[in-house]
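Asks: sequence and computational prediction follow.
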Amino acid sequence: MPTWVWILIAVGAVLLVAIVVMSMVKRRRTRQLQGQFGPEYDRTIETADSKRKAEKELAARQERREQINVRPLTAAARQRYTDQWQTIQAQFVDSPEAAVTSADHLIQSVMEERGYPVDDFETRAADISVDHPQVVENYREGHRLAQRNSDGSGSTEDLRQAMRHYRSLFEELVAEDADDPLGRERDNGMGDQELARQRAEATQRGRQTR
């Protein structure tokens, strides 16, 4: 068999191996993102132009989050914010619009004290989605309902639902076992499935307190 034929066979084999390796890397990346983001992964896939763009966006969120020094709240800060939330809930009876506005501002204050940038809503939601993928949609829905009310097309029930959505995120942000830096999870050798399991358990604990 001519030498050039052997060369073509070798090149073809190398290309085949490269394709297989790339496919395995992509599948592993998909599994990792699914484990990290849970329902947020599905939402991003549905709203993006393609799966590739969606996964690129989620990976970019992870990279951005790794650059943010998120800190846990002190016990005193947790108590202070919890007391403020209870005051806001009581305020809802007489002034639901003001209560929802106060709830939104309180969440931003908690995020800022913990180290999250709070420049604009979309950035806040994207950052929160990395650590709290199970409840970030509550944050979006609460914000949407509050905006609809401010536009004059909402109702008291919308505001009530907005408060419930905001509370879901608030309770996770002030929890004692709130999100740790992602680098710590990697250093501990935590696998994708274990990470997803722990996040699911944290979400379930939050539901049981409501």
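Replies: Sure thing, it's come through. Numbers count the residues shown, from 1 in each chain.
Asks: got the CA positions of the host helix or strand of residue 139 in CSV?
Replies: Assigned by DSSP states H and E, residue 139 falls within helix 136-150. Included here for helix 136-150 are C-alpha records, laid out as CSV according to Å, rounded to 0.1, in the frame of the first residue of the first chain:
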residue,chain,number,x,y,z
VAL,A,136,-33.8,33.0,40.6
GLU,A,137,-36.9,32.6,38.5
ASN,A,138,-38.9,33.7,41.6
TYR,A,139,-36.8,36.8,41.6
ARG,A,140,-37.5,37.5,37.9
GLU,A,141,-41.3,36.8,38.3
GLY,A,142,-41.5,39.0,41.4
HIS,A,143,-39.7,41.8,39.5
ARG,A,144,-42.0,41.3,36.5
LEU,A,145,-45.1,41.6,38.6
ALA,A,146,-43.8,44.6,40.4
GLN,A,147,-43.0,46.3,37.1
ARG,A,148,-46.5,45.5,35.8
ASN,A,149,-48.0,47.1,38.8
SER,A,150,-45.9,50.2,38.4
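Asks: which residues touch the closest residue to residue 124 other than its chain neighbours?
Replies: With sequence-adjacent residues excluded and distances taken as C-beta to C-beta, 6 or more residues apart in numbering, residue 124 is closest to residue 118, at 5.7 Å. No exception for glycine: its C-beta is placed from N, CA and C like everyone else's. Residues in contact with residue 118 (C-beta atoms under 8 Å, 6 or more residues apart in numbering) are 108, 111, 112, 124.
Asks: name the residues that touch stretch 45-59?
Replies: Everything outside stretch 45-59 that qualifies as a contact, by C-beta under 8 Å, 6+ apart, is 29, 30, 33, 36, 37, 40, 41, 44.
Asks: and if we set it to 7 Å?
Replies: By C-beta atoms under 7 Å, 6 or more residues apart in numbering, the list of residues contacting stretch 45-59 from outside reads 29, 30, 33, 37, 41, 44.
Asks: gap between the last one and residue 71?
Replies: Read that as residue 44. The span separating residue 44 from residue 71 equals 27 Å under the rule C-beta to C-beta, to the nearest Å.
Asks: same thing with the fifth one?
Replies: Separation of residue 41 from residue 71 (C-beta to C-beta): 26 Å.
Asks: these two: which is more packed in?
Replies: residue 41 (19 against 13; other C-beta atoms under 10 Å).
Asks: how is this protein divided into domains?
Replies: 3-66, 75-208 (automatic domain parsing).
Asks: show me what whichever helix in the chain runs longest is packed up against.
Replies: When every helix of the chain is counted residue by residue (DSSP state H), the longest turns out to be helix 3-37. Helix 3-37 is packed against helix 51-66, helix 192-208, with contacts defined by 3 or more C-beta pairs under 7 Å, 6 or more residues apart in numbering; DSSP states H and E.
Asks: quick revisit: what subset of the contacts of stretch 45-59 is buried?
Replies: 33, 37, 41, 44 (16 or more other C-beta atoms under 10 Å).
Asks: just send these back as a markdown table, with pLDDT and distance to residue 175 too.
Replies: Listed next are the buried ones among the contacts of stretch 45-59 as a markdown table, based on pLDDT from 0 to 100; distance: C-beta to C-beta, whole Å:
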| residue | pLDDT | distance to residue 175 |
| --- | --- | --- |
| 33 | 86 | 24 |
| 37 | 89 | 19 |
| 41 | 91 | 23 |
| 44 | 92 | 25 |
